[in-house]
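K.L.:
compute the structure for the input listed below.
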Amino acid sequence: MIVLAERLPERVFSAAQIRELEQRAIETCGVTDYELMCRAAAAALRVIDRRWPEARSLGLLCGAGNNAGDGLVLARLAQAAGRAVNVQLVVPPERFRGAAAQAAADCRAAGVAFSAFEARALDGVDAIVDALLGTGLARPVGGAFRAAIDAMNAAAVPVLALDVPSGLDADSGWPNAVAVRATATVTFLGLKQGLFLGAAVDHCGELEFAGLELPAGLGADLPAPLERLVLTDLKRALPRRPRSAHKGSCGRLLLVGGGPGMSGAIRLAAEAALRVGAGLVYVATHSDSVATVLAGRPEIICESVTSASDLEHFLRIVDGVVVGPGLGQTAWAHELWQCVLRTDLPLVVDADALNLLAAEPAERRDWLLTPHPGEAARLLGGSTVESVQRDRVATARSLASRYHAIAVLKGPNTLVAAPRGDAPLGVCDRGNPGMATGGTGDVLAGTLGSLLVQTGDLERAARAGVLLHALAGDEAAKDGERGTIAGDLLPHLRAWANVS
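P.N.:
Residues are numbered from 1 along each chain as shown. This is a model prediction of the structure:
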């Protein structure tokens, strides 16, 4: 039986909300900011003990503010535990204030030595701790801070970032000139949204969380902008079936696509729909693609269509439609797209159907859009891939609002946005680079369509489908990410679809 262990909380906050949580902790929980600093440092040391137990010498690069204080307390605790520590300061210690100044004083009393930052001083350490900036990024990174980040990135040893990798914006996840590329990041008090957005996946490494022994309900009233997609999303969408279930009660899905030379896309989408549990899967495709779609998979009900009129009988008997995988942008594709667009059926709009929509924007309800960043830029008109990636939250919300759709903005840490503006976005922190290969998007489209006709709920299907697809990708890549192909996900889709 597959078990999904949740190591991280579900809710993800802005940097301002984390500051509010910290203030609440100090005012209502009877702790000082220095006590929170000590708890954070102790949690970081536990991460080092678990991840790198053989690391006998630590290089700690400390900047200013509380992030530096975390590093200084960590240095004191690590030295007391028998590790050699090499503490380098980018800011002179006389500039420390508040809890950071207390951390420095306690280090001196414990015999922990400081020195001004020198890149060469990192030679010979077994691991490095990034305590430069954390969430305290207020201006472009330059001078000694930039040199320290460059030195950490050039080191051939593991790097643990405290709270947020230095140089990474805690809200957007975008690097400010440069940012630390950590092996792991331990974040404190609450998850920060910048750890899941922008370029964060290339900077955070593996993410760890420490709640600092504070009450779980401390921020329950704060409206989290993001929610991690979790096992509950799968179980809600895919409950155990009743014994009386039959193919007609498990959803009828139509997939439209597979133009000349692109039969593989619609075949992958259709098989994914079957593996996720749709009762009946129909494919309307070009005559050139029928043989490929049916080869070795007789469970797919496949017919060639030459015009929109050939779709009518399908549209009368199904519960939902996936349109776009391998569709192309020919006159044939445009006619089928327009026919599907006129129906009242719920839709999953993918691939070339998104490009057709961008060329001729339309209004509709009951649809789910699945753009990658390039398609998202075209759908929004005038945007660029970089602008999409710099503010993925705003992009996903804009897509959902403009098209009154559930928007699935694909990429590392895929986002799921609903049209109602006050709803938190779903964020998927699973998946891997092995999925960056042709056909995996088609597998996602089929997965989403299958869940749509089984649940009758676009948002529930989107949240569960994105997570299910990512989990299957992780299983498929266990023997190595490079060389994973889209078809490798199919058996794992079936396994994860039965977690209930």
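K.L.:
ok, residues contacting stretch 171-180?
P.N.:
Outside of stretch 171-180, the residues that reach it under the criterion Cβ atoms under 8 Å, 6 or more residues apart in numbering are 14-15, 130, 132, 137, 140-142, 146, 149-150, 152-153, 159, 161, 165-169, 192-200, 203, 389-391. (C-beta placed from N, C-alpha, C; glycine too.)
K.L.:
buried subset of these?
P.N.:
Neighbour counting by 16 or more other Cβ atoms under 10 Å classes 14-15, 130, 132, 137, 141, 146, 149, 152-153, 159, 161, 165-169, 192-200, 203, 389-391 among these as buried.
K.L.:
excluding its backbone neighbours, what's nearest the residue nearest the centre of the chain?
P.N.:
Per Cα atoms, centre = their mean, the C-alpha nearest to the average position across the chain is that of residue 413, at 1.7 Å. The spatially closest residue to residue 413, leaving aside those adjacent along the chain, is residue 196, at 4.8 Å (Cβ to Cβ, 6 or more residues apart in numbering).
K.L.:
check residue 416 too.
P.N.:
Using Cβ to Cβ, 6+ apart, the nearest residue to residue 416 is residue 426, at 3.7 Å.
K.L.:
dig out what the one you found forms beta bridges with.
P.N.:
With beta bridges defined as DSSP bridges, residue 426 has these partners: residue 227, residue 416.
K.L.:
pretty sure it contacts residue 415?
P.N.:
Yes - look at residue 426 against residue 415 with Cβ atoms under 8 Å: they come within range, at 6.8 Å.
K.L.:
residue 429 is in contact with the residue nearest to residue 413, correct?
P.N.:
Yes - between residue 196 and residue 429 a contact is recorded at 6.0 Å, counting by Cβ under 8 Å.
K.L.:
on that earlier part again, sort out for me which of the buried ones among the contacts of stretch 171-180 are in helices.
P.N.:
15, 146, 149, 152-153, 389-390 (DSSP state H).
K.L.:
which one of the residues you listed is nearest residue 209?
P.N.:
residue 15 (15.8 Å; Cβ to Cβ).
K.L.:
wait, what's in contact with the closest one?
P.N.:
Shown in contact with residue 15 (Cβ under 8 Å, 6+ apart): 135, 170-171, 192-194.
K.L.:
so where do the strands sit in the stretch 301-450 of the chain?
P.N.:
Along the stretch 301-450 of the chain, counting by DSSP state E, counting those that start in this stretch, strands occupy 301-304, 320-323, 347-349, 367-369, 406-409, 415-417, 425-427.
K.L.:
common neighbours of residue 426 and residue 415, please.
P.N.:
With contacts defined as Cβ under 8 Å, 6+ apart, the residues shared by residue 426 and residue 415 are residue 226.
K.L.:
quick one: the residue lying closest to residue 84 once chain neighbours are set aside from residue 124, how far?
P.N.:
In this structure, residue 84 finds its nearest non-sequential neighbour in residue 57, 4.1 Å apart by Cβ to Cβ, 6+ apart. Distance from residue 57 to residue 124, counting by Cβ to Cβ, to the nearest Å: 7 Å.
K.L.:
which of these two has more neighbours?
P.N.:
A direct count of neighbours by other Cβ atoms under 10 Å for residue 57 and residue 124 places residue 57 higher, at 14 against 11.
K.L.:
how far does stretch 167-178 sit from its chain's centre?
P.N.:
Computed by Cα atoms, centre = their mean, to the nearest Å, the chain-centroid distance of stretch 167-178 equals 16 Å.
K.L.:
list the contacts for the residue nearest to residue 416?
P.N.:
Counting by Cβ under 8 Å, 6+ apart, residue 426 touches 226-229, 233, 415-417, 462-463, 466.
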